[in-house]
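Undergrad: Fold the stuff below for me.
(one chain, ligands or ions: 1)
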Amino acid sequence: MGLFQIYEDRPMGIDPGRYGSALLFNLPYPFGKERTYLPGVHLVASQLIHSGVRAEVCDLDLQEMPNKNILASYDNFGISVIGPSSIPCAISLAKELYECTGKSPAVGGRTVEGLEPYQFEKLFGPAARQVSSDEGTKKCFNIPKLAPRSRVPLASSLKNIDDSLMKTYLEHEFSMPTDFGCAYSCRYCPAENGARQEPRTYDAINQDVGYLASRAKEFGIKQLDIYLGSLDLFQDPAHLRGVLSIAASASKDVKFRLHGLSCASSFVDALEGNPDLKDLLHAAGFCMVSFGIDSTTREFMKSQRKMHNASYSDRALDICREIAVTPGILMLTGFHEEQYCGMAKDVFYTLKKIATHGAVARAYQAKDFVPRNTGWKIISDEDYRNEIALEARQKESVQKEAGYFLENWSELRERVDRMLENPELFRNIDFQMLGTDITNPNRMKRYASNASYLALIAAAELLGKNMNYPLFPQSSGDGLIAKSWNKAAKYLNSKMAFDR
Ligand code: B12
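TA: Predicted coordinates for the structure are as follows:
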């Protein structure tokens, strides 16, 4: 049966292939080991399919690069970049595709959206086209309309995956979007934020859950481990209720283990305002929620525009204990404004909650500036910097939030330029990476934040409650010591578990 006979909800009502063909690439894990994770770029492929492009996905983690003849049969190429650490690999793939086919691939994803056009040009040259919006996608793939991301089922693209690969994906954790964006705008966050969440339609979610459950049944897989890819899962309790109901009714065929991320305040408000949610969470197989706690210091949370405070964090963890859902504590250390005692407090807080609430530690090393966050934009975009400088003169809160970047932008710009000169250094702004002089210019604070990051991971590991592992940075030097260090770092990084 053809794809479009099953999925009648064809937003555009267009013949598949009317606008040619495209091959989209999922980049391999950037730190030298194989990763099995259903690529998120299937969502873009589904959008293109529903817009009339015959789109397919090549997962370079698990599949070979197609040969020249196969590549030549596609009209267009796309590359999705999930994080800054994948930039070096995206550049070499774009160049390879361009040299092999003469076609410059479209490169998109949240990281790429955060690069200024001059930065993209410097990194990719003429070998690639930057995609920063739906308009850009339409232009690159020559389509008059793009099917909306919230309406397309992932299943439209998943159906093109061969059976053995599909089985492998379903045997591992994978992500499924439930909504897009986030109403809050935490200062360091590089995600899509600052506007109301856009829910995915129940129809699209229903089709996906049904499809995934039926494939799992066919392969004899009893349980699906799904990361509900929302930036704040409990922000819209009514929508979440709908999502959970779909999972609960499909769980006759296959057991679900669902988990997701939430702001502590959204979680508390949702659970206290909707007491029925607890039973629905259990019926759907929801077992873990991670909170972006990030700090225990009030001043710091305010300067980051975090919505929760210490009492929300405590209450969220208490509720988890009451309803028997495992809490994950995302703890970022190493922001420029953090104080030494604050770092120590964060480590103790996490360890205490491991002991009292069965929490799991998810430690990260903060990066003040990454493509798409406020810090990066102030450093890189002069007009934006001037706008913020004007606001900062009028409002004390803006001065508190942005002052560091406004005062130090030229020193920080030199660091960004170093990354543009040597793209390998983009690996150093991965959130698992130990801080370096690029990311943490203050030497003493860098040592302290690296020490607290490692201490938290080591202690949580000993308690059997650790989820993340550290990565070792690349040196920008070219002497013998730097080269040997880079080799050793690459080896160690390939032994670390990848970020989930
Ligand atoms: C699932 C997920 C993962 C999975 C990725 C699995 C995979 N291979 O696909 C895992 C768990 C492995 C992961 C890891 C990381 N992730 Co992640 N992840 C997500 C999550 C939840 C969903 C991303 C997704 O697949 N969406 C589906 C895609 C297609 O949609 P989208 O990203 O919104 O993209 C839209 C547009 O950008 C555009 N688009 C995207 N790609 C392309 C490509 C082309 C050609 C075109 C035309 C358009 C286009 O179309 C989409 C809209 O329709 C988001 C949070 C969120 N809810 O958005 C974070 C997110 C993308 N992750 C993020 C980060 C930072 C990471 C890490 C780098 C963390 C770290 N250690 O530092 C790691 C490492 C990744 C790596 N380098 O390999 C950041 C990215 C921020 C940024 N500006 O760079 C996000 C936004 C989370 C956040 N709050 O900051 N992640």
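Undergrad: backbone phi and psi for V107, please?
TA: phi -120, psi 120 (degrees, to the nearest 10).
Undergrad: how close does it get to K483?
TA: 29 Å (Cβ to Cβ, to the nearest Å). For every residue, glycine as well, the C-beta is placed using N, CA and C.
Undergrad: Quick one: neighbours of the residue of the chain at minimum distance from the ligand, just the number.
TA: Closest residue of the chain to the ligand, Cβ to the nearest ligand atom: G40 (1.8 Å). The number of residues packed near G40 is 18, by other Cβ atoms under 10 Å.
Undergrad: C287 too?
TA: 15.
Undergrad: Next, it: phi, psi?
TA: Dihedral angles (degrees, to the nearest 10) for C287: phi -130, psi -10.
Undergrad: Is it in contact with P327, as I believe?
TA: No - counting by Cβ atoms under 8 Å, C287 stays clear of P327, with 10.9 Å between them.
Undergrad: higher neighbour count, V107 and K483?
TA: V107 (28 against 12).
Undergrad: list the contacts for that one?
TA: G78, I79, V81, A90, A94, F120, F124, A128, R129, Q130, V131 (Cβ atoms under 8 Å, 6 or more residues apart in numbering).
Undergrad: Got the confidence number for it?
TA: For V107, the pLDDT comes out at 98.
Undergrad: Which residue is the nearest non-sequential neighbour of L115?
TA: Distance criterion Cβ to Cβ, 6 or more residues apart in numbering; nearest residue to L115, sequence neighbours excluded, is P371 at 5.3 Å.
Undergrad: which SS class is that neighbour?
TA: Here P371 is recorded as coil under DSSP: H, G, I helix; E, B strand; the rest coil.
Undergrad: Phi and psi next, for it.
TA: phi -50, psi 130.
Undergrad: Tell me, how many residues neighbour it?
TA: For P371, using other Cβ under 10 Å, the count is 26.
Undergrad: Quick check: bridge partners of the nearest residue to the residue of the chain closest to the ligand once chain neighbours are set aside?
TA: Distance criterion Cβ to Cβ, 6+ apart; nearest residue to G40, sequence neighbours excluded, is S175 at 6.2 Å. Here S175 sits in beta bridges with Y227, going by DSSP bridges.
Undergrad: wait, doesn't S175 sit right on Y227?
TA: Yes - applying Cβ under 8 Å as the test, S175 and Y227 come out as touching, 4.4 Å apart.
Undergrad: OK, contacts around the residue nearest the centre of the chain?
TA: The centroid of the chain falls nearest to I82 when counting by Cα atoms, centre = their mean (6.1 Å). Counting by Cβ under 8 Å, 6+ apart, I82 makes contact with L27, G40, G109, R110, T111.
Undergrad: Between all of the residues you listed, which two are separated the most?
TA: With Cβ to Cβ as the measure, no two of the contacts of I82 lie farther apart than L27 and R110, at 13.4 Å.
Undergrad: So for the two, which residues contact both of them?
TA: With Cβ under 8 Å, 6+ apart as the test, L27 and R110 both reach V81, I82.
Undergrad: who's more crowded, the two?
TA: Shown here are L27 and R110; by other Cβ under 10 Å, L27 has more neighbours (24 against 17).
Undergrad: Tell me the spacing between that one and C58.
TA: Taking Cβ to Cβ, one finds L27 at 10 Å from C58.
Undergrad: all strands for the chain, in order.
TA: 21-26, 54-59, 76-80, 106-108, 129-130, 174-176, 179-180, 198-199, 223-228, 255-262, 286-292, 326-333, 360-365 (DSSP state E).
Undergrad: Please tabulate those in CSV, including the columns distance to L390.
TA: Below are the strands of the chain laid out as CSV (distance: least, Cβ to Cβ, whole Å):
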stretch, distance to L390
strand 21-26, 41
strand 54-59, 44
strand 76-80, 36
strand 106-108, 32
strand 129-130, 28
strand 174-176, 40
strand 179-180, 31
strand 198-199, 31
strand 223-228, 40
strand 255-262, 34
strand 286-292, 30
strand 326-333, 29
strand 360-365, 33
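Undergrad: Which among those is found nearest to D381?
TA: D381 sits nearest to strand 129-130 of all the strands of the chain, at 14.8 Å, using Cβ to Cβ.
Undergrad: so what strands line up beside the closest one?
TA: By DSSP bridges, strand 129-130 pairs with strand 106-108 (parallel).
Undergrad: where are the low-confidence patches of the stretch 201-350 of the chain?
TA: 298, 300-301, 303-304, 306-308 (pLDDT under 70).
Undergrad: Quick check: closest non-adjacent residue to K217.
TA: Counting by Cβ to Cβ, 6+ apart, K217 lies nearest to D253, which is 5.0 Å off, once chain neighbours are set aside.
Undergrad: Next, the contact list for the closest residue to M467 other than its chain neighbours, please.
TA: Among residues not flanking M467 along the chain, R362 sits closest, at 4.8 Å (Cβ to Cβ, 6+ apart). Shown in contact with R362 (Cβ under 8 Å, 6+ apart): S290, G328, I329, L330, M331, M467, N468.
Undergrad: Name the residues of the stretch 151-300 of the chain found near the ligand, please.
TA: Selection of the stretch 151-300 of the chain residues close to the ligand by Cβ under 6 Å from any ligand atom yields S175, P177, C189, P190, A191, G229, S230, L231.
Undergrad: Buried ones only from those, please, as a ChimeraX command.
TA: Here is the ChimeraX selection string for the buried members of these, based on 16 or more other Cβ atoms under 10 Å:
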select :175,177,189,190,229,230,231
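Undergrad: now the helices for the stretch 101-250 of the chain?
TA: Along the stretch 101-250 of the chain, counting by DSSP state H, counting those that start in this stretch, helices occupy 110-113, 117-124, 134-140, 155-158, 163-171, 202-219, 237-250.
Undergrad: Most tightly packed of those helices?
TA: helix 155-158 (a mean of 24; mean count of other Cβ atoms under 10 Å).
Undergrad: With neighbour count as new columns, can the contacts of R362 be given to me in a markdown table?
TA: Listed next are the contacts of R362 as a markdown table, based on neighbours: other Cβ atoms under 10 Å:
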| residue | neighbour count |
| --- | --- |
| S290 | 20 |
| G328 | 23 |
| I329 | 29 |
| L330 | 18 |
| M331 | 27 |
| M467 | 19 |
| N468 | 26 |
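Undergrad: Lovely, talk soon.
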